[in-house]
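**Q** okay, here's the prediction I keep looking at, along with the sequence it came from:
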Amino acid sequence: MKRLSLIGIGPGGPEYLTLQAIEAMRRVDVFFMLEKEGRGKEELLEARRSILNRYLKPEQFRVVTASSPPRSTTEGYRQDVAAWHAEKRRLFIELFERELAEGQCGAFLIWGDPALYDQTVSLISAIVAAAPDRYTLEVIPGITAVQALAAEHRIPLNRVGEAISITTGRQMAQCDPSSLNNAFVMLDGEETFRRFGGQDMDIYWGAYLGTDDQLLIAGALDEVEDELLRTRRCARERKGWIMDTYLLRRRSRDD
Ligand SMILES: C[S@@+](CC[C@H](N)C(=O)[O-])C[C@H]1O[C@@H](n2cnc3c(N)ncnc32)[C@H](O)[C@@H]1O
């Protein structure tokens, strides 16, 4: 059997790993690192390497890097994602067969928690389900960017008895602004919060959470929007890439 492990590493810095994640890393023979081509790729790979160097001795593991297949944008969103996932599954199997000896463990270090907006679990679960005599899989939870955002702003995820949505910029671009009360937004490259002006919303924004470059802004959306746009664009320009998350929360009558 070949053992596979998906290890949640939290939002950035090495201090966000759980003890369970560190113990799981110590059982790994090969770490697979896939990043999308583009600006930020080297920095994101380096962040993972520094996590390994912090907790493991160099002779304990190997790192195998590969380019994540690009997603085409030709057939419509769902078909493009399905084709991209099929491509990724093929790449994973090739890596497992080529790089792992019988009995060895191969792992992916997953940003935040593997269960949140990351399809590696489903892709690898499908591979394991198709070859249960060949592979086993363990999943180690991690601290999500959502939790890091709430902690850094010192707010709870929800007010008393309130529901929480966790959603994407793509969904936010289509929803009715008046339907939204308490939503964490991830994967928003388009500054979609601009649609929610004049809605009596607070925003809690964080970029590069858990790293030395962390940025935080909070306040009434109508008041901080300009500052947020300036800060976000400057940071993206300076580093060449940005990873940010925010909470949009409708003010209650008591605020
Ligand atoms: C593919 S999703 C992965 C989420 C991850 N599995 C988690 O649990 O946080 C990537 C999105 O998560 C958010 N994100 C991840 N890490 C972040 C960080 N360090 N700071 C701010 N946002 C982050 C951003 O919205 C980014 O677009």
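**A** Nice, I can see it.
**Q** do a quick rundown of the strands in the stretch 1-150 of the chain.
**A** Residue ranges of the strands in the stretch 1-150 of the chain, as given by DSSP state E, counting those that start in this stretch, are 2-8, 30-35, 62-67, 105-110, 135-140.
**Q** against which helices or strands is the second one packed?
**A** Helices and strands in packing contact with strand 30-35 are listed as helix 41-55, strand 62-67, helix 77-99, strand 105-110; criterion 3 or more Cβ pairs under 8 Å, 6 or more residues apart in numbering; DSSP states H and E. The way it works is simple: take the backbone N, C-alpha and C, and place the C-beta from them, glycine included.
**Q** okay, those in a markdown table with distance to residue 157 and mean neighbour count next?
**A** Putting those into a markdown table (distance: least, Cβ to Cβ, whole Å; neighbours: other Cβ atoms under 10 Å) gives the following:
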| stretch | distance to residue 157 | mean neighbour count |
| --- | --- | --- |
| helix 41-55 | 25 | 15 |
| strand 62-67 | 35 | 13 |
| helix 77-99 | 28 | 14 |
| strand 105-110 | 21 | 22 |
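**Q** residue 167 is nearest to which of these?
**A** Residue 167 lies closest, by Cβ to Cβ, to one member of the helices and strands packed on strand 30-35: helix 77-99, at 15.4 Å.
**Q** CA atoms only for that closest one, dumped as PDB, please.
**A** Presented in PDB, the C-alpha positions along helix 77-99 are these (Å, rounded to 0.1, in the frame of the first residue of the first chain):
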ATOM      1  CA  TYR A  77     -17.100  27.300 -15.900                       C
ATOM      2  CA  ARG A  78     -18.300  23.800 -14.900                       C
ATOM      3  CA  GLN A  79     -16.900  21.900 -17.900                       C
ATOM      4  CA  ASP A  80     -13.600  23.800 -17.600                       C
ATOM      5  CA  VAL A  81     -13.300  22.800 -13.900                       C
ATOM      6  CA  ALA A  82     -14.200  19.100 -14.700                       C
ATOM      7  CA  ALA A  83     -11.500  18.900 -17.400                       C
ATOM      8  CA  TRP A  84      -9.000  20.600 -15.100                       C
ATOM      9  CA  HIS A  85      -9.800  18.100 -12.300                       C
ATOM     10  CA  ALA A  86      -9.400  15.200 -14.600                       C
ATOM     11  CA  GLU A  87      -6.000  16.500 -15.600                       C
ATOM     12  CA  LYS A  88      -5.000  16.900 -12.000                       C
ATOM     13  CA  ARG A  89      -6.100  13.400 -11.100                       C
ATOM     14  CA  ARG A  90      -3.900  12.100 -13.900                       C
ATOM     15  CA  LEU A  91      -0.900  14.100 -12.700                       C
ATOM     16  CA  PHE A  92      -1.400  12.900  -9.100                       C
ATOM     17  CA  ILE A  93      -1.500   9.200 -10.100                       C
ATOM     18  CA  GLU A  94       1.600   9.700 -12.200                       C
ATOM     19  CA  LEU A  95       3.400  11.300  -9.200                       C
ATOM     20  CA  PHE A  96       2.300   8.600  -6.800                       C
ATOM     21  CA  GLU A  97       3.400   5.800  -9.100                       C
ATOM     22  CA  ARG A  98       6.700   7.300 -10.000                       C
ATOM     23  CA  GLU A  99       7.800   8.800  -6.700                       C
END
